[in-house]
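Chemist: Structure for the following, please:
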Amino acid sequence: MGIRHNRVLPGKIFLLLVVLLVGGLTLFGCAGAGAVSRGWSGAEVADGNLFVGSEEGRLVAVNIADGSHQWSEPLKMPKAAGGFGCAAPAAGGGCAAAPAGVAIYGTPAVAGDLVYISGYNGKIYAFDSGSLNVRWIYPREGNLQPFVGGAVVALGRVYIGSSRGTVYALDAATGNKQWEFQAEDKIWATPAVDGDTLYIGSFDKKLYALDATDGSKKWEFKTEGGIASTPLIDDNTVYIGSLDRYFYAVDATDGSLRWRTKFEAGNWFWAKPIVYNNVIYAGCLDHKLYAIDTKTGGKINEFDLRSPLSSSPVLVNSSIIIVSEEGKVYSLDTSSNQIRQLADLEEKVYASLSTSDGVVYVHSQKEDTLYALNAQTGVTLWSLSLSSK
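Modeler: Have a look, this model is predicted:
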């Protein structure tokens, strides 16, 4: 197969999803009542269980030892479609009843006995990790603007950004709002918390550092494009990719620029990067995985994987595991800089990877399937449909 070079489009299907989200729609918009919701939730592993959002709009819990699993009740869309798009056209105009479920794009967050998940319906949910019963919902009444990014839990709070550009801090136990901060454009990124500081990017082209206790702004740093990826914090430095096709290192204390990559990538930086042995590994929608020196921002290497990289990679021992949009799973040996294909799922993948005990978990779009792959051999240990039907 010849290598496909495309400096303009990040992949037709992924671009379509982005356009739909920008326009305030999801793939269940204007579908018939009862239509299946969509999303690209990653999975979170905690205490022997895996939690993931399904395309039906449910939280699914999987016991990774025996494969037993259970589903929550579906997240609900508001009765009036409003700014969420038309679920189904009604006779005489207007919108009919919304489908049963709602799209989930963010990866669940787990803390203690609670699992937190956000929906495109503009609500945040806390589920009991054992029973999957709802513990609380925010807001109690009505809906906020859609959530695309996931939540993060720290300092006894749940933090999340909305498509309205608002960052919310909620009490993790009760769901009561502690504070909010307003950016100048939508937020799709999942925040990151380090110490008492929360870092989050926005489509207003800014990276914000907020006091995690009261929401006051410590500093902001502006790039030349929107920011949709989750920041990476390491050694008092915040690393972030931008839709301006550059990658940045910013001082975590005062927001000053340490470096910007001298090279311009062929497309957007979308996925959260990872760091290992003073090297940043950043996937890009131009099909390439970039290895970047943490001190200088110089490009150490690049690997063309022939398909957009929108899924965040994981580190297993000393290997970087990454999956391309077309479903090919690769392993990069960081000691030799040799990359090899582990598996070919032949299914679209946008969700971030997760890993535990030498196993990599991949959530694919086709038939809403979750795969458990041996990180060394690529062998499929098991696969599971997340459908409750």
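Chemist: Report the central residue of this protein.
Modeler: The residue lying closest to the centre of the chain (Cα atoms, centre = their mean) is Gly106, at 4.8 Å.
Chemist: Just to be sure, that one is in a helix?
Modeler: No. Under DSSP: H, G, I helix; E, B strand; the rest coil, Gly106 falls outside any helix and is assigned coil.
Chemist: From Glu346, how far out is it?
Modeler: 26 Å (Cβ to Cβ, to the nearest Å). In this view, the C-beta of every residue, glycine as well, is placed from N, C-alpha and C.
Chemist: how about low-confidence regions in the stretch 51-200 of the chain?
Modeler: Low-confidence segments of the stretch 51-200 of the chain (pLDDT under 70): 78-100.
Chemist: Same check on the stretch 201-350 of the chain?
Modeler: Counting by pLDDT under 70, not a single residue of the stretch 201-350 of the chain qualifies.
Chemist: Sketch out the helices for it, chain order is fine.
Modeler: For the stretch 201-350 of the chain, helices defined by DSSP state H, counting those that start in this stretch do not occur.
Chemist: Excluding chain neighbours, what is closest to the residue nearest to the centre of the chain?
Modeler: Ranked by Cβ to Cβ, 6 or more residues apart in numbering and with sequence neighbours excluded, the top spatial neighbour of Gly106 is Gly150, at 2.7 Å.
Chemist: which ones are touching the one you found?
Modeler: Residues near Gly150 by Cβ atoms under 8 Å, 6 or more residues apart in numbering: Gly42, Tyr105, Gly106, Thr107, Pro108, Ala109, Ile117, Ser118, Ile160, Thr190.
Chemist: cool, Val153 as well?
Modeler: Here Val153 is in contact with Ala109, Val110, Ala111, Tyr116, Tyr159, Ala172 (criterion: Cβ under 8 Å, 6+ apart).
Chemist: ok, what's across the strand from the first one?
Modeler: Note on Ala109: beta-bridge partners by DSSP bridges are Tyr116.
Chemist: Tell me who's in contact with it.
Modeler: Listed by Cβ under 8 Å, 6+ apart, the contact partners of Ala109 are Glu44, Val115, Tyr116, Ile117, Gly150, Ala151, Val152, Val153, Val158.
Chemist: so how far is Arg140 from it?
Modeler: Counting by Cβ to Cβ - Ala109 and Arg140 are separated by 20 Å.
Chemist: how about the helices in the stretch 1-150 of the chain?
Modeler: Going by DSSP H, counting those that start in this stretch, the stretch 1-150 of the chain shows helices at 12-22.
Chemist: beta partners of Ala209?
Modeler: Taking DSSP bridges as the rule, Ala209 bridges to Tyr199, Trp219.
Chemist: That one contacts Ala252, doesn't it?
Modeler: Yes. Between Ala209 and Ala252 there is a contact at 7.4 Å, judged by Cβ atoms under 8 Å.
Chemist: which neighbours do those two share?
Modeler: Thr197, Tyr199, Val238.
Chemist: How about the contacts made by the second one?
Modeler: Contact partners of Tyr199, counting by Cβ under 8 Å, 6+ apart, are Pro191, Ala192, Val193, Leu207, Tyr208, Ala209, Leu210, Pro231, Ile233, Val238, Ala252.
Chemist: cutoff 10 Å now
Modeler: By Cβ atoms under 10 Å, 6 or more residues apart in numbering, the residues touching Tyr199 are 189, 191-193, 207-210, 212, 218, 221, 230-233, 238, 240, 250, 252, 255.
Chemist: show me what contacts the closest residue to Asn301 other than its chain neighbours?
Modeler: The shortest distance from Asn301 to any non-neighbouring residue, by Cβ to Cβ, 6+ apart, is to Ala291 (4.2 Å). Taking Cβ under 10 Å, 6+ apart, we find Ala291 in contact with 276, 279-282, 298-303, 320, 332, 334, 337.
Chemist: Over to Ser319?
Modeler: Going by Cβ under 10 Å, 6+ apart, Ser319 touches 276, 313, 330-335, 339-340, 342, 375-376.
Chemist: Make a markdown table out of the contacts of Gly150 and add distance to Thr355.
Modeler: Shown next, in a markdown table, are the contacts of Gly150 (distance: Cβ to Cβ, whole Å):
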| residue | distance to Thr355 |
| --- | --- |
| Gly42 | 11 |
| Tyr105 | 20 |
| Gly106 | 18 |
| Thr107 | 13 |
| Pro108 | 15 |
| Ala109 | 16 |
| Ile117 | 20 |
| Ser118 | 22 |
| Ile160 | 23 |
| Thr190 | 17 |
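Chemist: Thank you kindly, that will do.
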